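>>> no sequence on this one, just coordinates:
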């Protein structure tokens, strides 16, 4: 029996009813014939302050029952162009990062090998690294990388640990997984621990769009000033703390003075990305969330990713 | 003994004290000599997702103890021009929409028959329809209609039910209660269920001011671009979800990327409305509210309505 | 491929991971070969005070990830004796009780026709009535009825509506769905609206175990004093407000002075029930819950039901 | 027009609707013909730790919409015997205890002079002292005093202030307002600051029923062991922190190991009090409450007081 | 042993660990050799609505574990220029404002006498007055005064009390503590109680920057339009309710339509202040906070103050 | 200068003021001359479900400002017999259990080498193992072990990890750190994963006091039935989830049907322990706590431990 890649209709089955999957899309085996798989990655063993991101996939599944498919700006529903599905959660070991990395690489290696595009709902930001490793393997070259965050995530080891949620970007550059020349950060702001924190991005030529830069003129002019990101395989990593703490109270290391959801919507809508191959939404911490505001912002980013996937489909 | 239409003074009686009425105004019988009656409409039987709006009148009464009467922009206190009062709650049947519609029409028909202007604190948006029916009867022609919302509320039946909180606007147009040519929506944004959702407003010529449109230039220029709404009887329906979920976490169907309270304040202050006859504030859901933020936003809209009533009073 | 009727192992897949089903049991079609189906009934259109029970199935699925199958008192795991599964949610119309009753009767009629035993996670208590109607049809005679509640639920019409969450028990007796002579209530306490409230149970000979009666001597002696309920088809309806508000803060009409979860555990464990055919857990209101205490108490009752089903299986 | 001293019916007007008064009773002027006036006393300027009790009258009014009048144990509804009403809030000065004491004494002196019985919803426990002063004046002799509390409230000055929420009982004894020989405390438990804390009650012969004493045998035997309190004017002061913090999370100085609401219900029901003239419920702090559990416990005590008033009415 | 005036490193000791001091700076005696002392002032006895500010120092200490020292805009870490430390809490009498004023003046008099600069974490706004009195004494002339607030705080007596959290600014001007010609308010907005509320600032020539004025053009142009505040001793008082309630839900008297944290950051960064001698952050009410958003905004202001102190250090 | 081992007086400095240490006791270096050191162990990297225990030391420090020293049952204040102090937090690596174990062993080895007694505020239960290792070394023989818990904590590896918060007890027995013959568990209850879960305790002869056993007769008779635990070095590990979820909502793996704080108080007070050398309070998860109920219960256990230390001091 063929699978219908449409969300369960809210006009037929109330949105509060039913077993919760991402966007009320069908839950399918990883081997099914979908184009874009949405996968949960419930791991928060890389965090430095507030925990809880392990519950993000579950809460995002729940609140994404509010999701609708038709994009008002693009005037198109993503389900017309791509078959999207919930493919369940990637296995993890909640108390061991190294073992979790192995499980992630095995899972993503398998799914990417099936030719699938992916959206990941993390988890803390340390989990992006093993995903990028498999992406790099799959596509044979460093990825174009678009990174929303309050933090640079290029920080040095902490407590003598080299891998943590604040160092994934450094490793991704050092391991050649992403191309620093095609690496744009959005939402970065201070304070920092020290001037040294900026050395890495400067040295590698990563483009940093601070909140100040984004707000220097009108939002429209900022968005239109962004380059065309071309047709190389592109990955978008959306750390929810790019948003102001008010828009994302449920996160581990909030930083005042951040972006609004409207601003990230406008940037995501304006991105000239033509070959999205992977995306993630990380650092949502449900125990610190309020009225599901943060999970809802995560759902919103997921919707923009799905719409980009659809737009990429000619 | 004549009634004093002033709020209980916070400098005499602490704002946390006393029996709670809207804005600390006197609670009076519907037959009293007030100009503008503020009425609670505690019904949430038309909702599709989160319930709770039945508690909105109670929480808005409570938090509106913080209210003050003097408008900094208009440099005038509304009590100088209009006699406003809390006239209690309209009867409802919590588990039956049809019976509630009857009770609403009976109650509003009676009060409107007394020549009163009204501000309603709902309830879900399905309750606006029976109010408009009585307004239409009272004024003998379709109303000029100003509608703040995230959603169009012109949607088709859901679960085979034609009347629900997302279809009141369609019925209001179809029943000739409001004039689509003098119908302006503010705060609308996607996503939608499908392209069809836009057909109704296009067909009837309703003016839709999306968030994108409102933010296309400066707020001041947007506000000044709005037409004069003339002297026909005008109704303002303020669905709290026009606001971003961050400004109104306590609502039933939140949509990211919405307006700020400052933006709706500026629009309400700039509206060239000369004959306000009714207004409502709906879809506040206290169980999902945080620190009464949403109820406070509701109180703020109520204050602007009272100030418009005062300004209309030459 | 045959279905494995065991919960997903928490020692293999962390309990916070995966798509949420009741007790981490497999989600199966209603026609599958399970013995006991656990079904969500997300409807709260019959409530008189706090809403929110529509979200109960979703939250109980979520928290029941903490469930374990082996009963310490019975020294047996229910999965050894019965095949239990999550069969999804019964369709509802959130804003129409009558239509919902029809959908419930259609759904339960179908599933009961397949020879299944059921556990329902409601919803408000008004939904027990249509379930009992189908149970009565299926088993051809009035059921033995065990009812945990703070309230008698035999109340008269409210707001001129005869069917609501406080009148299901009256209708169940009047319609001959349950046998008042084999009808025991547990947890009842005052205050009442008036002396009349007791007339119905007295007239029909329903046995009422008030909290005072349960605590008159030791719990053990109370439990052992209960009769053998025999082999007639038996239904247990567990209104979470039988518990003290402290144990079930997330409910619609809390009443101080209620039972503890330990007391209801002991009663459920001691019930001499030999032919359980249906059970429900109702009136959990997640928006008013704290740290999922109420949903957890609901999961606990569900576990006792599953263990009774297993014990009934000789 | 004569006032009907019955609560607004929940079967006619939903309990979530209407302007909130204590127990949905009529709000009447202090000079009306009621027997028992329920008065709010919103002051928390005497607290040593968590504030918030100023909001207690407002929240108790709100949640007491759930109240019902018929006592299951006494088999009688209080409205058959006494005319009870909400007489509003006593004036206070939120930032000055001395001025507040003056306002309290003026207000209570006036109402007592009208021959009324009273139930006060505080406020912190420091407000009981000025009430007792007026009671003492009114009745011409020290009162029989029944005091539920975790703390002795006979403590020495704090921060050089002699009057605070932990010293009211010492002053009441020292000023001769209550008779220490007819003074019973319930719910007292440690820890204390030092052995000295016990000196006062020992010296004056106040009877202290600790939690340990109450639980030494069965609750029934404890209750029946209590003396007949006779026909002298009796006052009951119910500090919500007599309850375990779990039953009253919303309070200023919680102490683990306290009573359950069931235990205080049983004690209140068993008290051989024949001439109740005043009662209060204090130390409810809504900002720290959860799902209104504490306010609900306050409402429950209020109901028992009303029922005692009714029972005293031969 | 000399004190190291650096925060405990988050890369060595996790930020959630350790005894909490402001910004993880060393806790030192008031006589130590620091330049800027951060002091807690836990008093909320001057409030008119929601209490709780007494817990602000404790929560700000806690959340400021997230603090980092390097300012992205100024490209400098404050610890390079100033020695900052936590000097503990100023003694208070929670239930007596006058006695607290005396204790504040004694404490601040002493510390200022040691030649220290200060940052105070209040407390309600009434506590700024006694601080200013000592500042005035210390510096021998009225201070330049920069005041962030939703309210003018020049209000008349309330409940016959002349000193409260809404009148400190009036007293500060009337007592000659601050120079009204060098007094700028930011964030003011309506509603007001009446037109009279504006009389005081008009009469004395205080400069009021309303939210409307701040948003009249671009933020950058507003900031650059501000005057140079010169080298006279300058004090900044930051009432957290200058922020919109969404950015500061945990406050006592929230007013919709306020500033964002980004706006206050930009203003604080752009202030041409050359001789900061004192600053405070007041009106944070933790019991009403959500996910520590308000405390975090307080920490953010504290960081900007520390950075101004560093910048003033040539 | 000699240290005063008394809590900061609440009658001099309000309990909400000051830098927070355990029980307001002095914060001293590990080498100071105290008898009992209270140490924070902020690590939650061994948890299987809800995280957050890393914040327990911080919240317990905060709420323990409510602590008082005089034990009403023992009629003695612990500070008369033992010098107790806050010795800060043990270093941890939040994202690596093995490294944390090393840091714990180093820290505890050092402190135990100084001859100190300890109370640890964890952290998840996995941290008890390394403490016991150092205790075993220090005392040269297996410890008498008293263990409060809902769970046996003798479970097999999870996710192929042998060390986690549910296996510490198994390792402690297997490594010979505790003597299973002098090992008593309190509060254990089902459900379990399977019958195998009981094999380990049966095999080793650990004494398991289930909730059912504790409640089989009166609490007093249960407590008096407990053996004398003798003079061998004794360790008490208090997992807060021994309590019912209602008494400890803030924990990682709650189990309904647990003990009350009163019951654990009575057991702790009745324990015939004569040589307490270490104790811990673990599994408090502040992000899931409500009104600090769980942290308060933790403080309460800490107070009983301090009182046992004092009682052991002849």
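All right, it came through fine. All figures in this text were calculated on a predicted structure; none of them were measured in a lab.
>>> all contacts plus neighbour counts: C-alpha atoms, from now on.
Fine.
>>> any stretches of chain A with poor pLDDT?
Applying pLDDT under 70 to chain A picks out residues A:1.
>>> helix, strand or coil for residue A:48?
coil (DSSP: H, G, I helix; E, B strand; the rest coil).
>>> that one: what's it in contact with?
If you count contacts by C-alpha atoms under 8 Å, 6 or more residues apart in numbering or on different chains, residue A:48 has them with A:164, A:165, A:252, A:253, E:14, E:15, F:94, F:95.
>>> nearest residue to the fifth one in space, please, no chain neighbours.
Distances taken as C-alpha to C-alpha, 6 or more residues apart in numbering or on different chains put residue A:48 closest to residue E:14, at 6.5 Å, once the chain neighbours are dropped.
>>> how close does that neighbour get to chain C?
Between residue A:48 and chain C the computed distance is 20 Å (C-alpha to the nearest C-alpha, to the nearest Å).
>>> repeat for residue A:15
Taking C-alpha to the nearest C-alpha as the criterion, residue A:15 is separated from chain C by 10 Å.
>>> quick one: the strands in chain A, in order.
Per DSSP state E, chain A carries strands over the ranges A:36-41, A:70-71, A:76-77, A:84-89, A:117-122, A:143-148, A:178-188, A:207-210, A:234-239, A:276-282.
>>> ok, now how distant is the residue nearest to residue E:14 from residue C:202?
Distance of residue A:48 to residue C:202, computed by C-alpha to C-alpha, to the nearest Å: 63 Å.
>>> ok, residue A:116 next?
66 Å.
>>> which of these two has more residues huddled nearby?
residue A:116 (19 against 11; other C-alpha atoms under 10 Å in any protein chain shown).
>>> you'd agree that one is up against residue A:37?
Yes - counting by C-alpha atoms under 8 Å, residue A:116 touches residue A:37, with 6.9 Å between them.
>>> about what we covered before: for the strands of chain A, give me CSV that also has distance to chain C.
Below are the strands of chain A laid out as CSV (distance: least, C-alpha to the nearest C-alpha, whole Å):
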stretch, distance to chain C
strand A:36-41, 8
strand A:70-71, 24
strand A:76-77, 25
strand A:84-89, 5
strand A:117-122, 11
strand A:143-148, 25
strand A:178-188, 29
strand A:207-210, 34
strand A:234-239, 20
strand A:276-282, 15
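>>> let me have those in JSON lines, extended by distance to residue E:133.
Output for the strands of chain A, formatted as JSON lines (distance: least, C-alpha to C-alpha, whole Å):
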{"stretch": "strand A:36-41", "distance to residue E:133": "57"}
{"stretch": "strand A:70-71", "distance to residue E:133": "59"}
{"stretch": "strand A:76-77", "distance to residue E:133": "64"}
{"stretch": "strand A:84-89", "distance to residue E:133": "62"}
{"stretch": "strand A:117-122", "distance to residue E:133": "53"}
{"stretch": "strand A:143-148", "distance to residue E:133": "47"}
{"stretch": "strand A:178-188", "distance to residue E:133": "41"}
{"stretch": "strand A:207-210", "distance to residue E:133": "41"}
{"stretch": "strand A:234-239", "distance to residue E:133": "47"}
{"stretch": "strand A:276-282", "distance to residue E:133": "50"}
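>>> could those go into CSV alongside mean neighbour count and distance to residue D:121?
Output for those, formatted as CSV (neighbours: other C-alpha atoms under 10 Å in any protein chain shown; distance: least, C-alpha to C-alpha, whole Å):
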stretch, mean neighbour count, distance to residue D:121
strand A:36-41, 26, 50
strand A:70-71, 22, 53
strand A:76-77, 20, 57
strand A:84-89, 26, 52
strand A:117-122, 26, 49
strand A:143-148, 26, 52
strand A:178-188, 22, 50
strand A:207-210, 18, 54
strand A:234-239, 24, 48
strand A:276-282, 27, 48
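>>> follow-up on the earlier one: against residue A:189, how distant is the residue nearest to residue E:14?
Per C-alpha to C-alpha, residue A:48 is found 18 Å from residue A:189.
>>> same question, residue A:212
Using C-alpha to C-alpha, we find residue A:212 at a distance of 8 Å from residue A:189.
>>> those two: who's more crowded?
Neighbour totals were compared for residue A:212 and residue A:189, and residue A:189 leads with 25 against 17 (other C-alpha under 10 Å).
>>> against chain B, how distant is the more buried one?
Residue A:189 is 21 Å from chain B, by C-alpha to the nearest C-alpha.
>>> hmm, residue E:72 and that residue touching each other?
Yes - at 6.9 Å, residue A:189 counts as touching residue E:72 under the criterion of C-alpha under 8 Å.
>>> residues near residue A:247, how many?
Around residue A:247 sit 27 other residues, with neighbours defined as other C-alpha under 10 Å.
>>> if I look at the residue nearest to residue E:14, how far off is residue A:252?
In terms of C-alpha to C-alpha, residue A:48 sits 8 Å off from residue A:252.
>>> with residue A:15 instead?
Distance, residue A:15 to residue A:252, by C-alpha to C-alpha: 29 Å.
>>> mind listing what residue A:172 touches?
By C-alpha under 8 Å, 6+ apart, residue A:172 lies in contact with A:129, A:132, A:133, A:178.
>>> closest one of the residues you listed to residue D:277?
residue A:129 (72.3 Å; C-alpha to C-alpha).
>>> rewinding a little: which of the contacts of residue A:172 fall in helices?
Mapping those onto helices (DSSP state H) picks out A:129, A:132, A:133.
>>> okay if I get these as a markdown table plus neighbour count?
Listed next are those as a markdown table, based on neighbours: other C-alpha atoms under 10 Å in any protein chain shown:
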| residue | neighbour count |
| --- | --- |
| A:129 | 24 |
| A:132 | 24 |
| A:133 | 20 |
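>>> and which of those is nearest to chain F?
Closest approach to chain F among the ones in helices among the contacts of residue A:172 (C-alpha to the nearest C-alpha): residue A:129, at 15.9 Å.
>>> test my guess that the closest one contacts residue A:171.
Yes - look at residue A:129 against residue A:171 with C-alpha under 8 Å: they come within range, at 7.4 Å.
>>> any idea how far residue A:307 is from residue A:26?
Taken as C-alpha to C-alpha, the span from residue A:307 to residue A:26 is 18 Å.
>>> who are the neighbours in contact with the residue in the stretch 151-300 of chain A that chain B sits nearest to?
Nearest residue of the stretch 151-300 of chain A to chain B (C-alpha to the nearest C-alpha) works out as residue A:262 at 4.5 Å. With contact taken as C-alpha under 8 Å, 6+ apart, residue A:262 is in contact with B:256, B:257, B:258.
>>> and residue A:26, how far from residue D:139?
75 Å.
>>> could you check which of the two is surrounded by more residues?
Just comparing residue A:26 and residue D:139: by other C-alpha under 10 Å the higher neighbour count belongs to residue A:26, 20 against 13.
>>> ok, the more buried one - contacts?
Taking C-alpha under 8 Å, 6+ apart as the contact definition, residue A:26 lies against A:3, A:4, A:5, A:6, A:7, A:85, A:86.
>>> would you turn these into TSV with distance to chain B?
Listed next are the contacts of residue A:26 as TSV, based on distance: C-alpha to the nearest C-alpha, whole Å:
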residue	distance to chain B
A:3	20
A:4	16
A:5	15
A:6	11
A:7	10
A:85	18
A:86	19
